[in-house]
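Asker: kindly return the folded structure for what I paste below:
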Amino acid sequence: MVGNAVPLVLDARPVRKDESRLEIVEDLLNSAEDLVHVDNVLMDREFDSQHVLEMISQRGLSYVVPKRMQTSEKAQAKRLLRRDQDRYETDRKLHLGKNERHETTLIYRRKEDSEHDDHRQYSVFMTNRGSGHLTEYGYRWEIESGYRSIKRFMAATTSKDFGLRFFYFAFACLLYSIWRSICSCRLS
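Answerer: Residues are numbered from 1 along each chain as shown. Got it, this is the predicted structure:
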């Protein structure tokens with residue numbers, strides 16, 4: 001999404017219990033690439049798997065994803081805090097198996113106006129294209145706002161029927177995309 005692009009829902013799909021994050025992202029990327037040109041992938045931290053990141057890189061795409069803080073990231077954030085450093089960048093090789101590694105860059109960034117006084121003042125992001133793409137991660141919030149708006153278009157139900165619930169969600173996504181398209185046309 002660049003400039004005045006209108007965020008639309010390109011695909012909605014159910015997630016099966018036995019499906020890996022890699023399969024989910026691969027399927028969604030295939031679907032998106034059939035519809036639009038994809039350059040950069042912005043994901044939630046639950047998709048910070050090294051195998052997902054490697055698959056995205058092998059497609060020639062860039063990515064930005066927050067990293068879950070493990071022991072080493074917490075320790076680094078504590079060192080940054082002691083040095084009163086707002087930003088830090090380091091390369092990391094993530095283990096893929098069989099002596100294979102995925103090279104990524106970890107970027108530590110201090111949150112503005114954080115209510116914490118410890119390592120939680122920092123967010124850690126992974127990217128394969130350098131810190132310039134980190135600012136693009138802010139575009140995700142427009143997507144998150146869109147999902148909240150989609151809920152306004154959903155029919156209320158107490159049904160436990162998965163097919164019906166998924167239909168309501170997919171139909172709400174369609175209505176939302178039509179609404180966004182109409183609103184953007186009127187503003188042009």
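Asker: poorly predicted segments of this protein, please.
Answerer: Within the chain, the segments meeting pLDDT under 70 span 1-7, 132-133, 186-188.
Asker: tell me which residue lies nearest the centroid of it.
Answerer: For the chain, the residue nearest the mean C-alpha position is residue 43 (1.4 Å; CA atoms, centre = their mean).
Asker: in the longest helix seen in the chain, what's buried?
Answerer: Longest helix of the chain, by residue count under DSSP state H: helix 162-187. Using 16 or more other CB atoms under 10 Å as the test for burial, helix 162-187 gives 165, 168-170, 172-173, 176-177, 180. In this view, the C-beta of every residue, glycine as well, is placed from N, C-alpha and C.
Asker: likewise for stretch 84-98?
Answerer: Counting neighbours by 16+ other CB under 10 Å, stretch 84-98 gives 88, 94 as buried.
Asker: and it, C-alpha only, in CSV?
Answerer: The C-alpha trace of stretch 84-98 is given here as CSV (Å, rounded to 0.1, in the frame of the first residue of the first chain):
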residue,chain,number,x,y,z
ASP,A,84,20.0,5.3,26.9
GLN,A,85,20.1,4.2,23.2
ASP,A,86,16.9,4.6,21.2
ARG,A,87,17.8,2.4,18.3
TYR,A,88,20.0,-0.6,17.5
GLU,A,89,20.5,-2.7,14.4
THR,A,90,22.2,-6.1,14.2
ASP,A,91,22.4,-9.0,11.7
ARG,A,92,21.2,-12.4,12.9
LYS,A,93,21.3,-15.8,11.3
LEU,A,94,18.3,-17.9,12.1
HIS,A,95,18.6,-21.7,12.1
LEU,A,96,16.6,-23.5,9.4
GLY,A,97,18.0,-27.0,9.9
LYS,A,98,20.7,-29.1,8.2
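Asker: just to revisit the earlier point, excluding chain neighbours, give the residue nearest to the residue nearest to the centre of the chain in space.
Answerer: Counting by CB to CB, 6 or more residues apart in numbering, residue 43 lies nearest to residue 65, which is 4.5 Å off, once chain neighbours are set aside.
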